[in-house]
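In: Sharing a model that was predicted from the sequence below.
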Amino acid sequence: MNKRVIWAGGVLFLIVGFSTMVNASNLNIFLEKCGSCHKEGAEAPPVEPADKAGLVWEKYFKRDRHPGNLHSSISAVELADVLTFLKNHAADSDHPVAAVIPK
């Protein structure tokens with residue numbers, strides 16, 4: 001087999017693996033930071049990425065629509081990760097997710 005093909009396949013494998021790792025990290029932050037309040041029977045209604053389109057999620061946080069003091073419980077970096085996860089799995093994404101937070 002050609003060394004270039006093997007090298008290109010290895011690079012592709014690393015990129016896909018890293019992308020999956022980043023998505024898993026964003027999912028974990030979403031579950032940890034949002035899932036504690038946003039689940040059935042908790043103080044806030046359940047929220048799933050596919051509840052809104054990606055642009056709507058972006059505007060929601062940009063306009064500071066989240067009730068309560070969100071910034072006291074989540075860092076700017078974590079909020080960016082949550083927003084990335086929400087947009088990547090929003091209703092208008094290639095991979096919408098409708099059920100993430102366990103009941």
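Out: On my side now, so go ahead. Numbers count the residues shown, from 1 in each chain.
In: Going by C-alpha atoms from here, please, whenever you check contacts or count neighbours.
Out: Will do.
In: pretty sure residue 93 contacts residue 52?
Out: No. The pair residue 93 / residue 52 is not scored as a contact, 10.1 Å apart, by CA atoms under 8 Å.
In: neighbour-wise, which of the two wins?
Out: residue 52 (19 against 15; other CA atoms under 10 Å).
In: From residue 77, how far off is that one?
Out: Note on residue 52: its distance to residue 77, by CA to CA, to the nearest Å, is 21 Å.
In: tell me which element the spatially most central residue of the chain falls in.
Out: What sits nearest the mean C-alpha location of the chain, by CA atoms, centre = their mean, is residue 85, with 1.5 Å. Take DSSP states H and E as the rule and residue 85 turns out to sit in helix 76-88.
In: Could you give the average pLDDT over whichever helix or strand residue 32 is part of?
Out: Using DSSP H and E, residue 32 sits within helix 3-33. Here helix 3-33 scores 57 as its mean pLDDT.
In: Which element is encountered next along the chain beyond that helix?
Out: Note on helix 3-33: by DSSP H and E, the next helix or strand toward the C-terminus is helix 54-62.
In: any idea how far that next one is from the chain center?
Out: 13 Å (CA atoms, centre = their mean, to the nearest Å).
In: residues of stretch 62-70 that come out buried?
Out: By neighbour count with 16 or more other CA atoms under 10 Å, stretch 62-70 contains no buried residues.
In: whoops, stretch 37-56 was the one
Out: Using 16+ other CA under 10 Å as the test for burial, stretch 37-56 gives 37-39, 46-54.
In: for that stretch, how far is the first residue from the last?
Out: One end of stretch 37-56 sits 21 Å from the other (CA to CA).
In: Same check on stretch 56-68?
Out: Termini of stretch 56-68 sit 19 Å apart (CA to CA).
In: quick revisit: wait, the residue nearest to the centre of the chain sits on residue 31?
Out: No. Between residue 85 and residue 31 there is no contact under CA under 8 Å: 10.5 Å.
In: Give me the pLDDT value at residue 53.
Out: Residue 53 carries a pLDDT score of 96 in this model.
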